[in-house]
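Asker: Could you look at this predicted model? Sequence included:
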Amino acid sequence: MSENLADYKFKTPIPIRFSDLDFYGHVNNAVYLTYFEIARSNYWRDVVKWDWNNNGIILARSEVNYLKPITRNDEIACYVRTTRIGNSSFDVMHVLVKLTADGEDICTTGKTVCISYDYSANKSVKIPAGQRARMIEYDEPGLILN
């Protein structure tokens with residue numbers, strides 16, 4: 001999976017906690033999903049303005065592609081964008097980068113399939129029109145596959 005960072009507008013810093021590390025000082029593989037979750041949540045709050053009082057979101061699938069290790073002394077950030085929108089589901093891509101003196105080095109990529117969900121009815125529901133429009137407008141209609 002080769003990602004072009006120019007396709008991404010949203011980027012958020014990710015803190016590396018001591019508890020994220022394994023014995024060798026590398027970020028444990030399971031923690032990457034938490035990093036994606038932090039970035040996705042910030043994207044939904046800051047860009048999509050998801051209304052959690054009316055609809056939730058559940059994950060149907062997660063993929064992680066480990067390219068380079070992240071260690072305790074690294075400074076990292078995560079890019080996020082919506083890449084596909086269906087009726088109730090949408091795909092979100094994540095790219096974790098290491099910030100270096102030479103720029104950004106891609107360490108990990110991943111994709112999550114997200115479902116708009118009504119917890120009171122226990123069922124998937126149509127993506128709210130406002131949130132759908134913000135995802136498409138922000139992440140460029142030409143880049144989002146329907």
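Answerer: Arrived safely. Values in this document were obtained by computation on a predicted structure and should not be read as measured data.
Asker: what about the strands in the chain?
Answerer: Taking DSSP state E as the test, the strands found in the chain are 10-14, 56-66, 76-85, 89-100, 103-118, 123-124.
Asker: how big is the angle separating the third one from strand 10-14?
Answerer: In other words, strand 76-85. 140 degrees (axes from the mean of the first three to the mean of the last three C-alpha atoms, to 10 degrees).
Asker: and strand 76-85, what does it pack onto?
Answerer: Counting contacts by 3 or more C-beta pairs under 8 Å, 6 or more residues apart in numbering; DSSP states H and E, strand 76-85 packs against strand 10-14, helix 31-43, strand 89-100, strand 103-118, helix 129-138. Backbone N, C-alpha and C define where each C-beta goes, glycine included.
Asker: Show me which residues of that strand are buried.
Answerer: For strand 76-85, a neighbour-count test (16 or more other C-beta atoms under 10 Å) marks 76-82, 85 as buried.
Asker: Make a markdown table from those residues and add distance to residue 38 to it.
Answerer: A markdown table is the format used below for these (distance: C-beta to C-beta, whole Å):
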| residue | distance to residue 38 |
| --- | --- |
| 76 | 11 |
| 77 | 11 |
| 78 | 7 |
| 79 | 13 |
| 80 | 10 |
| 81 | 15 |
| 82 | 17 |
| 85 | 22 |
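Asker: In those residues, find the pair that's most separated.
Answerer: The distance between the two most remote of the buried residues of strand 76-85 (C-beta to C-beta) is 27.5 Å, for 76 and 85.
Asker: Read off the pLDDT value for the closest residue to residue 29 other than its chain neighbours.
Answerer: Nearest non-adjacent residue to residue 29, counting by C-beta to C-beta, 6 or more residues apart in numbering: residue 66, 6.6 Å away. Per-residue pLDDT puts residue 66 at 96.
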